[in-house]
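[1] mind folding the following:
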Amino acid sequence: MREKKRIVISGMGAVTPIGIGIDAYWHGLSHGESGAAPITLFDTTGYETTFACEVKNFDATQFMEKKAALRMDRFCQFGVVAGEMALKDSKITKENTDLRRVGVVFGSGIGGMNIYDTQFRMLIEKSPDRISPFFIPMMIANMAAGFLSIRNGLQGANYATVSACATSLHAIIDAYMILQLGYADAMICGGCEASITPMGIAGFNAMKAMSTRNDSPKTASRPYDRDRDGFVMGEGAGAFVIETLEHAERRGAKIYAEIAGVGMSADAYHISAPHPEGDAVIAAMQMAMNDAQISPSDIQYINTHGTSTPLGDVAELKAIKKCFGDAIKSINISATKSMTGHLLGAAGVIESIACVLAIQHQTVPPTINIENLDPEVDVNVTPNKAVQREINYVLNNGFGFGGHNATVIFKKI
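    Model (predicted):
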């Protein structure tokens, strides 16, 4: 049996609606700031939802040359910026690491919706010969991974995961497994999304999935509140550099935390609704705890998928209570989507960064906007204010349309 390797996090990068960069992101999380505001990216006249959690004051040319930025869709710009932040933070260079053994697994749930919107209009309103030659490479979801490899000379395994809102947790899990198998020494992993577009907002409105609290955007994302009415769209990206502990120690790397265990499952139930009993979610959490060789009582904090939808929030908590039993009484839970909105394919990694920062600061970020707790919620969801406490293990859940479930456990080191 192959010996399990210890996999650690040595770099992080974040582009979020509540801050660009790790420090700004943590400031927003720990102070309970909402990133929601009226949409500025397009005219929302006639839309049911007119607000979202946009990334504010983002200018890709502050991080890369203008020519490169113009050849990337917004989602890809986010991903490359976050990925290169993480790579710089890790201090991996060609002098201390064999770049043939550094790979990238970087996903997007939807990909280039901005370029698709603009080029489709060009096709309909003008003619086929007006379509940009960069349309396809700007649209496809793997290009953040591709650009991170091309721009930084990373020659290891390189691809994208696509599993809706579980996308970037699956990217972390895949990268972890690649390192476990010995196929690489270090990996960049994460996800990016930029779906605050006319089609993106209209599509989720058609599903009746998003909040329509247009008169109060900042209070619209309210997981576990009785009056929640749907998720709030977010955008951005997050990235980890992860590597074997042996490799990190050999080059004297700073280590943030360890990935202790991972788990995956499928509901095999419905294209968008959660399974009411949550058996597969329980299986993913148990698998991750088994991989980490810990029990429910070892975990202090759970960052839930918690999207602020009427069905999803309660279904996940039911699964957690079944899985954790009496141990749940001493665990803090929070849903950081209450602040960032739902970053879709980038949600898992952004929330994983929140988990690692929670360990670093020994502080649980809050679930904001809880004014009237749902009567079905009888666990500690850390309402409205951050809480300082001892944190050694954190569990993060992510679920995607199609019934995809992913769980990652992080450990203080």
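[2] what about the helices in the stretch 201-350 of the chain?
    245-250, 279-292, 310-324, 337-340, 347-361 (DSSP state H, counting those that start in this stretch).
[3] and the gap between Ala288 and His342?
    In this structure, Ala288 and His342 are 22 Å apart, going by CB to CB, to the nearest Å. For the C-beta atoms, the positions are set from N, CA and C on the backbone; glycine is no exception.
[4] could you do Asn405 as well?
    In terms of CB to CB, Asn405 sits 16 Å off from His342.
[5] so which strand or helix has Val408?
    Using DSSP states H and E, Val408 maps to strand 404-411.
[6] gap between that strand and the chain center?
    11 Å (CA atoms, centre = their mean, to the nearest Å).
[7] swap in stretch 75-83?
    Worked out by CA atoms, centre = their mean, stretch 75-83 lies 13 Å from the chain centre.
[8] just the buried residues of stretch 117-134, please?
    Thr118, Gln119 (16 or more other CB atoms under 10 Å).
[9] ok, stretch 216-236 next?
    Quick answer for stretch 216-236 (16+ other CB under 10 Å): 217-225, 228, 230-236.
[10] picking up where we left off before, and Ala288 and His342? Which one has more around it.
    His342 (28 against 25; other CB atoms under 10 Å).
[11] OK, contacts around the spatially closest residue to the more buried one that is not a sequence neighbour?
    Spatial nearest neighbour of His342, excluding adjacent residues (CB to CB, 6 or more residues apart in numbering): Phe231 at 4.4 Å. Contacts for Phe231 were tallied using CB atoms under 8 Å, 6 or more residues apart in numbering; they are Ala209, Met210, Ser211, Ser221, Thr307, Ser308, Thr309, Lys337, Gly341, His342.
[12] how close does Phe231 get to Met72?
    From Phe231 to Met72 the distance is 26 Å (CB to CB).
[13] check Ala266 too.
    Counting by CB to CB, the separation of Ala266 from Met72 is 32 Å.
[14] what do you get for Arg151?
    Counting by CB to CB - Arg151 and Met72 are separated by 11 Å.
[15] which one's more surrounded, these two?
    Met72 (23 against 14).
[16] my read is that the more buried one contacts Ile150, right?
    No. The pair Met72 / Ile150 is not scored as a contact, 11.4 Å apart, by CB atoms under 8 Å.
[17] picking that back up, now the helices of the stretch 201-350 of the chain as CSV including mean pLDDT and distance to Phe42?
    Below are those laid out as CSV (pLDDT from 0 to 100; distance: least, CB to CB, whole Å):
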stretch, mean pLDDT, distance to Phe42
helix 245-250, 98, 43
helix 279-292, 97, 35
helix 310-324, 95, 27
helix 337-340, 98, 20
helix 347-361, 98, 22
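[18] I am finished for the moment; much appreciated.
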